[in-house]
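K.L.:
just coords:
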């Protein structure tokens, strides 16, 4: 412990000295190792511009250092300055022909630049020189995946996994590509093959759990994640996924325990806090849900799900103005999410802001025309105002999009009756009854008067299913 503290103090002093001299643009002597420490410190903090400055200062002092040139190429890549990075790597590849690190970084930068074919060709050229073949095949898989060649990506991810069953990233991406290509169900036997070979591979069990989760086989997913944790109780990702699986299965207390364990193992994260908040929300512990959504916001102000979570909870508590504030923050971060617009429309309407509510419904329906509830709620605003024509227009558009949704046909019936268009109303009613007889109860809610209900029942009873 004492040695660690001493090392940290030395690094702090080194960084302070470097930054003080950087302000004066005048540097004293630094060893190569010190420059590398400074660069790695900034990279760790994702302060890539500072890291680039340190690289340039180091190369000025050590102009023939291939190590510092390599660091600079890497930092330029992080700054998305791909051409400059490749220029340095070209020099390095001339100075150190077939150096595996240079070749791999060059291929990686080419892939980031979007030159996927060139990247793949270079990865394949580097194969004889690279010792860690699993990592090489994983990177080739990524390049193919980014090139939308999922079948080729699967081949290389499988090669990576066959060398190293515990290559977590390769296993995860493999499951993703199998899902995209519709081969997920067949992959169960593939993962089981590895488990037969090594029953104590927590990563194989974990990825089998992912496959079962994607196939919506919750119980099998839970069992697989539990095996992964049984092998490695500190497997944070398995705890997190187990929490999600338990939440989908309705086991909220267990889900909460799993998310808490995740946080205990890998420290607080916005994602884990959001999941914990959602579990509390499902348990209707709304104050606790808000608390953890806000913890997520404190960790990551750009987390739109956390802002939305608070907004949704405020809506549950009927604090409409507060809800609008948080929903606005979520929408600033993600304007393309129909769920956010839908919730905003509800909150604006409840707060008495009818025009703003209508605008929000328009955004929501453009983004998700297949959500019948948006059309039902949006049209109801016009119905309440007595504008039956506009209400019907919204429902007609929805029926064009979703002709088999009986709820829409029943709603059209209600609006047409209120408009006095009885013949057209009964045409819609007959079609609705054929589609889903039991849903006629939603129509009766619009007409509490006994006389109207009796008239409707005369039509409804003609379509009553014979038991």
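P.N.:
Thanks, I have it. Here the structure is a predicted model, which means the values were calculated and not measured.

K.L.:
hey, let's count contacts and neighbours off CA atoms from now on
P.N.:
OK.

K.L.:
please tell me how far the helix or strand containing residue 414 is from the chain's geometric centre.
P.N.:
Here residue 414 sits within helix 406-418, counting by DSSP states H and E. Averaging C-alpha positions (Cα atoms, centre = their mean, to the nearest Å) puts helix 406-418 38 Å from its chain's average.

K.L.:
where does the stretch 51-200 of the chain have low pLDDT?
P.N.:
Across the stretch 51-200 of the chain, nothing is flagged by pLDDT under 70.

K.L.:
one more time with 80, if that's ok
P.N.:
Low-confidence segments of the stretch 51-200 of the chain, defined by pLDDT under 80: 165-166, 168.

K.L.:
have a look at the chain and report its longest helix.
P.N.:
Determined from DSSP state H, the single longest helix within the chain is helix 2-24.

K.L.:
quick check: buried residues in the helix or strand that comes right after it?
P.N.:
Sequence order places helix 32-44 as the next helix or strand after helix 2-24, per DSSP H and E. Going by neighbour count (16 or more other Cα atoms under 10 Å), the buried part of helix 32-44 is 34-43.

K.L.:
run through the residues that contact residue 152.
P.N.:
Residue 152 sits next to 141, 144-145 when contact means Cα atoms under 8 Å, 6 or more residues apart in numbering.

K.L.:
mind doing that once more with 7 Å?
P.N.:
Contact partners of residue 152, counting by Cα atoms under 7 Å, 6 or more residues apart in numbering, are residue 144.

K.L.:
buried sites along the strand or helix carrying it?
P.N.:
Taking DSSP H and E as the criterion, residue 152 maps to helix 150-163. Judged by neighbour count (16+ other Cα under 10 Å), helix 150-163 contains these buried residues: 150-161.

K.L.:
can you redo the residues you listed as JSON lines with distance to residue 102?
P.N.:
Shown next, in JSON lines, are the buried residues of helix 150-163 (distance: Cα to Cα, whole Å):
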{"residue": "150", "distance to residue 102": "27"}
{"residue": "151", "distance to residue 102": "28"}
{"residue": "152", "distance to residue 102": "24"}
{"residue": "153", "distance to residue 102": "23"}
{"residue": "154", "distance to residue 102": "26"}
{"residue": "155", "distance to residue 102": "25"}
{"residue": "156", "distance to residue 102": "21"}
{"residue": "157", "distance to residue 102": "22"}
{"residue": "158", "distance to residue 102": "25"}
{"residue": "159", "distance to residue 102": "23"}
{"residue": "160", "distance to residue 102": "21"}
{"residue": "161", "distance to residue 102": "24"}
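
K.L.:
and which of the residues you listed is nearest to residue 304?
P.N.:
Closest approach to residue 304 among those (Cα to Cα): residue 150, at 29.9 Å.

K.L.:
surely the closest one touches residue 177?
P.N.:
Yes - the criterion here is Cα atoms under 7 Å, and residue 150 meets it with residue 177 at 5.7 Å.

K.L.:
pull up the overlap in contacts between these two.
P.N.:
Counting by Cα under 7 Å, 6+ apart, nothing touches both residue 150 and residue 177.

K.L.:
and residue 239, how far from residue 334?
P.N.:
Taking Cα to Cα, to the nearest Å as the criterion, residue 239 is separated from residue 334 by 28 Å.

K.L.:
same thing with residue 440?
P.N.:
Noted for residue 440: a distance of 38 Å to residue 334, by Cα to Cα.

K.L.:
residue 191 too?
P.N.:
For residue 191, the distance to residue 334 - Cα to Cα - is 36 Å.

K.L.:
who's more crowded, the two?
P.N.:
For the pair residue 191 and residue 334, the greater number of neighbours falls to residue 191 (22 against 15), based on other Cα atoms under 10 Å.

K.L.:
residues contacting that one?
P.N.:
Going by Cα under 7 Å, 6+ apart, residue 191 touches 204, 208.

K.L.:
give me the element it is part of.
P.N.:
Counting by DSSP H and E, residue 191 is part of helix 187-197.

K.L.:
please apply the same query to residue 430.
P.N.:
Counting by DSSP H and E, residue 430 is part of helix 422-435.

K.L.:
buried residues of that helix, list them for me.
P.N.:
Buried residues in helix 422-435, counted by 16+ other Cα under 10 Å: 425-426, 428-433, 435.

K.L.:
what's that helix packed up against?
P.N.:
helix 406-418 (3 or more Cα pairs under 7 Å, 6 or more residues apart in numbering; DSSP states H and E).

K.L.:
list the contacts of the helix it packs on.
P.N.:
388, 392, 395, 399, 422, 425-426, 428-429, 432, 435-436, 439-440, 443, 446.

K.L.:
let's see 8 Å
P.N.:
372, 376, 383, 388, 391-392, 395-396, 398-399, 422, 424-426, 428-429, 431-433, 435-436, 439-440, 442-443, 446.

K.L.:
tell me the mean pLDDT for that helix?
P.N.:
Averaged over helix 406-418, pLDDT sits at 96.
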